[in-house]
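*Asks:* Structure for the following, please:
(chains A, B, C and D)
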Protein chains: 2
Amino acid sequence: MGRKRLQPSPDGRPTVHTVAARAGVSIASASRVLNGIGGSAETVRRVREAAAEVGYVPNAIARSLQSQRTGLIALAVADIGNPVYVAMMRAIEAVVASSGRQLVVHATGGEIDSETALLRRLANRYVDGMIISPIRITDSHHAAIVGSPVPVVVVGQLPDDTPVDNVRTDSRAGVALAVDHLVAAGRQRIGFVNGPLDTVPGAARDAGFRAALARHGIPVDEDLIEIGDFQYAAGRAAAARLLDRADPDALLCANDLIAVGALHTLLSEQRRVPEDVALVGMDDTELAQMAFPQLSSVSLGSEARGRRAAELLLERIADPDLPPRREHVAPSLAVRASSTVGGPTAGNGPPASRRAPADGTVEVIS
Amino acid sequence: MGRKRLQPSPDGRPTVHTVAARAGVSIASASRVLNGIGGSAETVRRVREAAAEVGYVPNAIARSLQSQRTGLIALAVADIGNPVYVAMMRAIEAVVASSGRQLVVHATGGEIDSETALLRRLANRYVDGMIISPIRITDSHHAAIVGSPVPVVVVGQLPDDTPVDNVRTDSRAGVALAVDHLVAAGRQRIGFVNGPLDTVPGAARDAGFRAALARHGIPVDEDLIEIGDFQYAAGRAAAARLLDRADPDALLCANDLIAVGALHTLLSEQRRVPEDVALVGMDDTELAQMAFPQLSSVSLGSEARGRRAAELLLERIADPDLPPRREHVAPSLAVRASSTVGGPTAGNGPPASRRAPADGTVEVIS
DNA sequence: AAACTCCCCGGAAACGTTTACAAGTCAGGA
DNA sequence: TCCTGACTTGTAAACGTTTCCGGGGAGTTT
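*Replies:* Coordinates of the predicted model:
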């Protein structure tokens, strides 16, 4: 015969049983009081008192098992050191917090194993939903995403037939904005420092760069193209190699980390920016504004993408039967001192605004 | 009479009951097979098959309720945009991953409410342990930390009597290293751009700065001290104010974000760094090496602190009865181009090493 | 052939919470 | 006085998993 357990759990922590026993009421009454629903004045007093005395704190796991929700949303990004993800995270955080939930972040390091392992672990009910921004998409990603027990929203490109909510931008168009800007400023030998071609963003930027040059009738010179990873050190090294063998009058970099690395190399080698070499980054992160001179950068709308992704996720959690949705955020170009000789002067005047139009236009920020 | 439930859970997802029924075995057998312990060849086959057919994925919440552990570790930091936390996070991640657990990060924004709410939510069993690096310590922090149901390790200063594992550095000594270095280089009018004095690091750095000046017999000139928050924009603005009313020959900044902001202001106002104004940051983050010229910076051992904090946490999870421990990591100074006129030249030579000695010494990185 | 060991299996309890349901109390109105 | 309704309370089931325990079958040893 199952004697009622009046003692705390094995690890010594009080449970609702402990509180109920101490207050001399049933666990149902104790639970009700602790959740603020019902109870006579006397019962409420006794339960509150007992809870305080034993230092009761509810077990969220047990509560979640019962309620089928945890109130947590996960965000998985490849590189948390990249400011573009920080910006995205802040936008997501704002939306998530306004729904009374909490955001937790996981850095995957861009490794396939880590990302799918994450999906398997966190998405198995530890969180109510998940936003993931994978840098590569493999079959195992695909399988893990569509088989996830909780809603997943993907930020970034994704095979067209994947039945998953998705927010993307057009980074090819973004690259085109930058090339147009440089060509309009009279630059003809445009160098390009890209990330790995086997990543989704790397491939898109490469295709965009070649297409944009073609549109302007400029032949592609492979000596003007360098590839590293998406980090600062790689940008610095890649720019050094590029300068060593070619003589660019402009440099387009696949993200701002690379661009800051390239800037370091340019300044070390006594090239004037923008007079000798114009420099344009991508992502338009705060790093672009920290650099001196401030960097022109292609905004891919990270905040907007993050915000929309979070909104889509909350909508889907509320109604799992919605059809999969796909949204686009248009790129824009923020022009700053690093690419305009007579334009915005290096660091004079008030700090440049971070705003950029959302419809693929070019804005000169002075 | 309780009829056995053979149907999937209310939301339609299969449970171990579904799999067991389909395979024609008991839930005990199904569970054993799914966990890889025991089972005849035939049973294993049938259960595996059934699980695959219905797309079974175990509910981690239910598992955790039973096993009393989630395999998750949380890290709470004030500002995830600050590279010092990124460095710390990477170190923690490495240790945590090697124990087979996963790290989740939460940015609190430095707000008291958010931090204590986090402790109440995540620490109530959603995670097996937590590392927190609060920028302010209030009574409610104190209460939440000591009352936490799961182990908590604090990175940073903490009242001496708090019975909690703690890893700290001596930022006063760190400030002293920087001042000594600047004075030795002949600088006499040393400006100081600090963070808010009601934060733990802000107060410690202020005290350290005044003590170090006193030790060198230099009177404190309040005009040479400015306060903002710990961000880039604040550093830029504070440096502008300081330059406006005083004429420093050196600038010490309370972290690297502030220092990069100050660098921007200095370069905008045509001051040569380091010839006119020597510049030293704190935290020795990658940002210090991205700047041009590269920034001298006081290393407060963020990686080492993160690593130790993670190790302490894992030890405590393994043995909750350990006495509270308190560990120290000594600061050191990385000298780079921003503070040495004849020394390490700006950006020439190979990239500077990130290593700094761990025993409070000064290292010139060339 | 009986006793013993080993393995496999199923029933049932347990983790800590919320909640449906039934039963009880009490006051007020017919 | 009896009925009705509002309110409170306790019992027990449920969330989905792991695991203890005992029963039973097959194989091995005396």
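*Asks:* quick one: the nearest residue to A:V329 once chain neighbours are set aside from chain B, how far?
*Replies:* Nearest residue to A:V329, sequence neighbours excluded (Cβ to Cβ, 6 or more residues apart in numbering or on different chains): A:G301, at 3.8 Å. To be clear about C-beta, it is placed using only N, CA and C from the backbone, and glycine gets the same treatment. Note on A:G301: its distance to chain B, by Cβ to the nearest Cβ, to the nearest Å, is 18 Å.
*Asks:* tally of neighbours for A:G301?
*Replies:* 24 (other Cβ atoms under 10 Å in any protein chain shown).
*Asks:* Give me the below-cutoff pLDDT ranges for chain A.
*Replies:* A:1-11, A:343-366 (pLDDT under 70).
*Asks:* Need the residues that contact the helix or strand where A:V104 lies.
*Replies:* Counting by DSSP states H and E, the element that carries A:V104 is strand A:102-107. Contacts to strand A:102-107, defined as Cβ atoms under 8 Å, 6 or more residues apart in numbering or on different chains, come from residues A:71-80, A:89, A:92-93, A:96-97, A:118, A:122, A:127, B:74, B:80, B:89-90, B:93, B:102-107, B:117-118, B:121-122.
*Asks:* What subset of those residues is buried?
*Replies:* A:71-80, A:89, A:92-93, A:96-97, A:118, A:122, A:127, B:74, B:80, B:89-90, B:93, B:102-107, B:118, B:121-122 (16 or more other Cβ atoms under 10 Å in any protein chain shown).
*Asks:* Please see if the following helix or strand past the strand holding A:V104 touches chain B.
*Replies:* Where DSSP H and E defines the elements, the next helix or strand beyond strand A:102-107 is helix A:112-121. Yes - judged by Cβ under 8 Å from any Cβ of the partner chain, helix A:112-121 comes into contact with chain B at A:A117, A:L118, A:R120, A:R121.
*Asks:* need the contact list for the third one.
*Replies:* With contact taken as Cβ under 8 Å, 6+ apart, A:R120 is in contact with A:A144, B:V57.
*Asks:* Residue numbers of the stretch 1-150 of chain A in contact with chain B?
*Replies:* Residues of the stretch 1-150 of chain A found near chain B (Cβ under 8 Å from any Cβ) are A:10-11, A:13, A:55, A:57-62, A:64-65, A:68, A:70-72, A:74, A:80-81, A:83, A:86, A:89-90, A:93, A:102-107, A:117-118, A:120-122, A:124-126, A:147, A:149.
*Asks:* and those residues, which of them are in strands?
*Replies:* Taking DSSP state E, the ones among the residues of the stretch 1-150 of chain A next to chain B that sit in strands are A:L72, A:A74, A:Q102, A:L103, A:V104, A:V105, A:H106, A:A107.
*Asks:* quick one: which of these is nearest DNA strand D?
*Replies:* In terms of Cβ to the nearest atom of the strand, no member of these lies closer to DNA strand D than A:L72, at 17.2 Å.
*Asks:* Name whatever forms a beta bridge with that closest one.
*Replies:* Counting by DSSP bridges, A:L72 is bridged to A:Q102.
*Asks:* ok, now how distant is it from A:L122?
*Replies:* 9 Å (Cβ to Cβ, to the nearest Å).
*Asks:* Show me where chain A has its strands.
*Replies:* Going by DSSP E, chain A shows strands at A:72-77, A:102-107, A:129-133, A:152-155, A:165-169, A:190-194, A:225-227, A:250-253, A:278-282, A:296-299, A:326-329, A:332-335, A:362-364.
*Asks:* Could you dump the residues of helix A:112-121 next to chain B into CSV with distance to DNA strand C added?
*Replies:* Shown next, in CSV, are the residues of helix A:112-121 next to chain B (distance: Cβ to the nearest atom of the strand, whole Å):
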residue, distance to DNA strand C
A:A117, 24
A:L118, 24
A:R120, 21
A:R121, 19
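*Asks:* Check these against B:T285 and report the nearest one.
*Replies:* Nearest to B:T285 among those: A:L118, at 26.0 Å, using Cβ to Cβ.
*Asks:* Identify the residues contacting that closest one.
*Replies:* By Cβ under 8 Å, 6+ apart, A:L118 lies in contact with A:A74, A:A76, A:H106, A:T108, B:Q102.
*Asks:* What of A:L119?
*Replies:* Going by Cβ under 8 Å, 6+ apart, A:L119 touches A:A76, A:M130, A:I132, A:A144, A:I145, A:S148, A:V152.
*Asks:* tell me, which of the residues you listed make contact with DNA strand D?
*Replies:* The subset of the contacts of A:L119 within reach of DNA strand D, by Cβ under 7 Å from any atom of the strand, is empty.
*Asks:* and which of these is nearest to chain B?
*Replies:* Looking at those and their distance to chain B, the nearest is A:S148, at 8.4 Å (Cβ to the nearest Cβ).
*Asks:* Give me the nearest residue to that closest one, chain neighbours excluded.
*Replies:* A:A123 (4.6 Å).
*Asks:* So the one you found versus B:P83, what's the distance?
*Replies:* For A:A123, the distance to B:P83 - Cβ to Cβ - is 29 Å.
*Asks:* Also A:L242?
*Replies:* 26 Å.
*Asks:* again with A:R90
*Replies:* To B:P83, A:R90 is 16 Å away according to Cβ to Cβ.
*Asks:* Chain A - how does it break down into domains?
*Replies:* Here the domain parsing of chain A from automatic domain parsing is A:16-58, A:69-169+A:303-329, A:171-300+A:331-364.
*Asks:* CSV please, covering these and showing distance to B:S31.
*Replies:* Formatted as CSV, the domains of chain A follow (distance: least, Cβ to Cβ, whole Å):
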stretch, distance to B:S31
domain A:16-58, 26
domain A:69-169+A:303-329, 15
domain A:171-300+A:331-364, 39
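*Asks:* neighbours around A:Y85, how many?
*Replies:* Burial of A:Y85 is recorded as 24 neighbouring residues (other Cβ under 10 Å).
*Asks:* Spit out the contact partners of the most centrally placed residue in chain A.
*Replies:* Nearest to the geometric centre of chain A sits A:Y85, at 3.7 Å (Cα atoms, centre = their mean). Each residue near A:Y85 by Cβ under 8 Å, 6+ apart is listed here: A:V77, A:A78, A:D79, A:S133, A:S302.
*Asks:* mind redoing it with 7 Å?
*Replies:* A:V77, A:D79 (Cβ atoms under 7 Å, 6 or more residues apart in numbering or on different chains).
*Asks:* Against A:V146, how distant is it?
*Replies:* Counting by Cβ to Cβ, the separation of A:Y85 from A:V146 is 24 Å.
*Asks:* buried stuff in stretch A:301-319?
*Replies:* Result for stretch A:301-319 [16+ other Cβ under 10 Å]: buried residues A:301-314, A:316-317.
*Asks:* do stretch A:161-174 as well
*Replies:* A:T162, A:V164, A:D165, A:N166, A:V167, A:R168, A:T169, A:D170, A:S171, A:R172, A:A173, A:G174.
*Asks:* Distance to DNA strand D for these - can I get that in a markdown table?
*Replies:* Below are these laid out as a markdown table (distance: Cβ to the nearest atom of the strand, whole Å):
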| residue | distance to DNA strand D |
| --- | --- |
| A:T162 | 25 |
| A:V164 | 23 |
| A:D165 | 24 |
| A:N166 | 28 |
| A:V167 | 30 |
| A:R168 | 33 |
| A:T169 | 38 |
| A:D170 | 41 |
| A:S171 | 40 |
| A:R172 | 43 |
| A:A173 | 45 |
| A:G174 | 44 |
